[in-house]
Each structure stands twice: as structure tokens, then as C-alpha cells.
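**Student:** Take a look and give me a structure for this.
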Amino acid sequence: MFTTTFNANNENATGSMEDFKVKETLESKKLPANKFKVVGMDFLGWSTTPDGAVEYVDGQDLLHAFTEEDFTLYAVWGVKSVNVAFLTLNSEGVLEPMKDVPEVKYGETVQAPAAEPSMVGFNFGGWGNMQPTTDTKANFGKIYYTALDGSFIRKPVAADEDITGKNYYEVAKVELANEKARDNSRYFALFTRKESKVHVGWI
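**Tutor:** Next up, the predicted model:
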């Protein structure tokens, strides 16, 4: 009989796993699914050394026919790729994701698409993200949104409407050089009208 102990192998890991016992040396049992998690990392498999390459994966048969010694399996992690989306309005005024967005790893600097978005009658003014508004009354110089099923929907407001506690959002311009890729990072195209010098805003 031998016992396999699972080591998360990362100080930021959460979760736990029970020891895995094999009663007979010739018995083959499938490894249980990994229950450890690390933000920004993908679980790749298990190694018999802390710095080793993957030797076992979830569900693999574990057969140690010539040993009865207990041993430890160490989790192997890799930085995950994240889905950074850049959204703009198409010719029909519908929000859609831009294509050819560079792939980035979790925690890396966000990279914008090579091609800038365009809209007839407007100048592209950079990228923004959704942030909860700090306004207590509606400002007609801004456009407000509300969150719905993971998306942001434009919310009509009346002049000087009290919006305290209504969980409204607005687009705030960001500098991508200071943005780090996270899960489900989303950025929205900002435009200004060509014929007037209005503030940068989401149209």
C-alpha cells in the first residue's frame, strides 16, 4: 500500500485535496481531478518533483508496481491566455468585438488591435472601460449604462434625474500602457464628433 499526497506547488493556490491511497502495489487507480486553483494560471498536470515537467494528468492511471513507498505529486502551472475584447460600433450602431486582437497572457500589458476603429463623422479618441458612475444626478454630457447578463446596456435618463444607488456605469478613458490583462477584460472605443470639440465620450 502507498499513499500519494498532492501539493499545490504555489503559495497563492486555494483549495485542498485528500491523500490518494492505493491498497495493493499492482492496483491501478485513476488520479482524481485537481481541486487546486491559482488566479491567472492554468493547471497543466502533475510532476513528481516541484520543478519538474508534467508526468501525470487528471484521470490518468497511477500504477506503481514495484514500490510501496509514499510519494508526493506537485501541481504544474502555466500562465493562462486571457480573452481581452475590444468593442466598437459597426455601421448599424451595434456593438461588436474587433478582430485581430493580439493574444496576451494574464498580467501582461494589454495590446490593442493594429487597426483603429472608425465611424463616419467621428474621430477615434482611444479606449475606455466601464466604471461605476460617481454622479448622484444624471449629467446630459454623459451616457450611462446598466449591467445586464454580463453586458452593458445603454440607459436613458431624464434631466437631473436622481441616479443615486442605481448602479449605473459610464465609460472612462484608460491608457492601455497601464492596463494589465485580466479575465474577461473589455475595452470600448471612444469617439468625438469631427465638427465640434466635445468631450471624449461613448456614442
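**Student:** Nearest residue to the middle of the protein?
**Tutor:** What sits nearest the mean C-alpha location of the chain, by CA atoms, centre = their mean, is residue 183, with 0.4 Å.
**Student:** And that one, what's its pLDDT?
**Tutor:** With respect to pLDDT, residue 183 scores 87.
**Student:** My read is that it contacts residue 104, right?
**Tutor:** No. Residue 183 lies out of contact with residue 104 (CB atoms under 8 Å); the separation is 11.9 Å. Yep, even glycine has a C-beta here, placed from its N, CA and C like the rest.
**Student:** okay, and the common contacts of those two?
**Tutor:** Taking CB atoms under 8 Å, 6 or more residues apart in numbering as the contact rule, residue 183 and residue 104 both touch residue 82.
**Student:** follow-up on the earlier one: tell me the contacts of the residue nearest to the centre of the chain?
**Tutor:** Listed by CB under 8 Å, 6+ apart, the contact set of residue 183 reads 40, 82-83, 106.
**Student:** Could you measure from residue 121 over to residue 193?
**Tutor:** According to CB to CB, to the nearest Å, residue 121 and residue 193 sit 7 Å apart.
**Student:** Show me which of the two is the more surrounded one.
**Tutor:** Taking other CB atoms under 10 Å, residue 121 and residue 193 do not tie; residue 193 has more neighbours (13 against 9).
**Student:** Skipping adjacent residues, who's closest to that one in space?
**Tutor:** residue 122 (5.9 Å; CB to CB, 6 or more residues apart in numbering).
**Student:** Give me the neighbour count for that neighbour.
**Tutor:** 17.
**Student:** Same check on residue 139?
**Tutor:** Burial of residue 139 is recorded as 16 neighbouring residues (other CB under 10 Å).
**Student:** that older thread, thought the residue nearest to residue 193 was touching residue 116?
**Tutor:** No. Counting by CB under 8 Å, residue 122 does not reach residue 116; the two are 11.6 Å apart.
**Student:** Overlap of the contact sets of those two?
**Tutor:** What both residue 122 and residue 116 touch, as defined by CB under 8 Å, 6+ apart, is an empty set.
**Student:** OK, contacts around the residue nearest to residue 193?
**Tutor:** Residue 122 is in contact with 191-194, 203, counting by CB under 8 Å, 6+ apart.
**Student:** Now go through these and say which are in strands.
**Tutor:** 191-193 (DSSP state E).
**Student:** strand partners of the stretch of helix or strand residue 78 belongs to, parallel vs antiparallel please.
**Tutor:** Under the criterion of DSSP states H and E, residue 78 resides in strand 71-79. Sheet pairing of strand 71-79 (DSSP bridges) gives strand 2-7 (parallel), strand 41-47 (antiparallel).
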